[in-house]
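Asker: Just a sequence and a predicted model for now, questions to come.
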Amino acid sequence: MVTAARFVSNGPILTVTLKDSAEEGSSKSGAITAASFLSPSTDDDSSDGNNPWFNLSNFRPNLVWSLKSQGKPFPNWFPNWQSLRTTVGYQYEPMSSSSSSSSSSSSHQRLPSFVEADLKFSSERLGVELEVQPSYEFKTQQSVVSVRASRGAAAYLMGKFASQGERWLQLVRGCYQTELPYGSVGAVRITPTFDLAQGQASCLLEAMTASQRTKAILNLEYDNPTLTVVHSLDDRNTIAPEISLFNARILYQWNIALDSGSIRTKVDPTSAVQVTWTDNSLTGKWITDVRVPLAGTTLSSLSADVRVRRQFSF
């Protein structure tokens, strides 16, 4: 980390996945963001038996570098500009073997995978905070901008715009929270969302106790509405059972906060047990993902999928 008078440079952060290079799998397509870089998917890249024993793509190397301001970036010129954060990410992708796409793949190798920024503004006179998050993905040449206007933590309105697709306005979301003078229910929050790209609407209802140790979440999604109860047993342990209102499927979640990391456990009685262990260090962190399928697994025949990722902070 490099610190200047007004800006702080964080990174580069290198993330590699340790696994068997001969293991077969399938890659999952999706948007590339900084969050996905720091917590990459556990799905494997497709491999060929003719590949050499060492293949850089098997380690899925990712690089993330960010620059953020300490306080107002330009207080004299723009006093309402509160903070600025920029992030550049690079994900290694092997060259395509086809001649038609070799030049395109070569150009993408030399460019970052994505660039994104986070700008925050505020006006004391209006009592409004504005957050703008633009991003650009070089491979798909798609630009996305999220704009969020809020009044403290009680209410906000957010819109997401994209340069590609049938609609330039992709998503609209609002949120309003009201405080109640009761110990059993201290606050209620409602968050309606309308996804114009998918043509679906949803609504999130949350009720919290005055102590904020217990929260009930009713997620009224179109495909799979769920009810979740989040309860903090103590400062370290949090449980969150979830039931689907569509098919009565129950998920159990248990999060443990450690001195140097965390352990997240998710149990689906009909599918598998997933455990994510994060261990922080001075130069980065170790992230271990373990997935044990319940179908066909016995004590004598234990099957598990283990992924180990290492993040290096320079």
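Answerer: Received it, and whenever you're ready, just let me know what you need.

Asker: Helices along the chain, start to end?
Answerer: 34-38, 102-110 (DSSP state H).

Asker: Low-confidence bits of the stretch 1-150 of the chain, can you list those?
Answerer: In the prediction, the stretch 1-150 of the chain carries residues with pLDDT under 70 at positions 1-5, 18-58, 94-110.

Asker: residue boundaries of the strands in it?
Answerer: Counting by DSSP state E, counting those that start in this stretch, the segments of the stretch 1-150 of the chain that form strands are 2-3, 7-18, 62-69, 81-91, 114-123, 128-137, 142-151.

Asker: Make TSV from these and add distance to residue 187 and mean neighbour count to it.
Answerer: Quick note: C-beta positions are derived from backbone N, CA and C, even for glycine. TSV is the format used below for the strands of the stretch 1-150 of the chain (distance: least, CB to CB, whole Å; neighbours: other CB atoms under 10 Å):
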stretch	distance to residue 187	mean neighbour count
strand 2-3	38	10
strand 7-18	34	17
strand 62-69	30	19
strand 81-91	26	19
strand 114-123	23	18
strand 128-137	20	17
strand 142-151	15	16
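
Asker: Now render those strands as CSV, adding distance to residue 176.
Answerer: Shown next, in CSV, are the strands of the stretch 1-150 of the chain (distance: least, CB to CB, whole Å):
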stretch, distance to residue 176
strand 2-3, 39
strand 7-18, 34
strand 62-69, 30
strand 81-91, 23
strand 114-123, 19
strand 128-137, 15
strand 142-151, 10
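
Asker: Nearest to residue 278 among these would be which one?
Answerer: Nearest of the strands of the stretch 1-150 of the chain to residue 278, taken as CB to CB: strand 7-18 at 12.4 Å.

Asker: now the angle between strand 62-69 and the closest one, please.
Answerer: The directions of strand 7-18 and strand 62-69 differ by 160 degrees, with axes from the mean of the first three to the mean of the last three CA atoms, to 10 degrees as the criterion.

Asker: Report all helices and strands that strand 7-18 contacts.
Answerer: strand 2-3, helix 34-38, strand 62-69, strand 305-313 (3 or more CB pairs under 8 Å, 6 or more residues apart in numbering; DSSP states H and E).

Asker: dump the residue contacts of residue 221.
Answerer: 200, 202 (CB atoms under 8 Å, 6 or more residues apart in numbering).

Asker: For my notes, please list the helices and strands packed on strand 7-18 in a markdown table and give distance to residue 189 for each entry.
Answerer: Formatted as a markdown table, the helices and strands packed on strand 7-18 follow (distance: least, CB to CB, whole Å):
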| stretch | distance to residue 189 |
| --- | --- |
| strand 2-3 | 37 |
| helix 34-38 | 23 |
| strand 62-69 | 28 |
| strand 305-313 | 33 |
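
Asker: Which one of these lies nearest to residue 284?
Answerer: The nearest among the helices and strands packed on strand 7-18, by CB to CB, is strand 305-313 at 4.2 Å.

Asker: mind saving the C-alpha coords of that closest one as CSV?
Answerer: Extracted in CSV, the C-alpha atoms of strand 305-313 (Å, rounded to 0.1, in the frame of the first residue of the first chain):
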residue,chain,number,x,y,z
ASP,A,305,-14.4,-30.5,-3.8
VAL,A,306,-11.6,-28.3,-2.4
ARG,A,307,-10.4,-25.0,-3.8
VAL,A,308,-7.6,-22.9,-2.3
ARG,A,309,-7.0,-19.3,-3.4
ARG,A,310,-4.2,-17.1,-2.3
GLN,A,311,-4.3,-13.3,-2.5
PHE,A,312,-1.0,-11.4,-2.4
SER,A,313,-1.1,-7.7,-1.5
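
Asker: Make 290 the first number, not 1, from now on.
Answerer: Will do, 290 is the new start, and the previous item becomes strand 594-602.

Asker: So which bits of it are buried?
Answerer: 594, 596, 598-600, 602 (16 or more other CB atoms under 10 Å).

Asker: Quick one: mean pLDDT for it?
Answerer: The average pLDDT within strand 594-602 is 80.

Asker: circling back to that earlier point, list just the one of the helices and strands packed on strand 296-307 that sits closest to residue 516.
Answerer: Using CB to CB, these put helix 323-327 closest to residue 516, at 25.9 Å.
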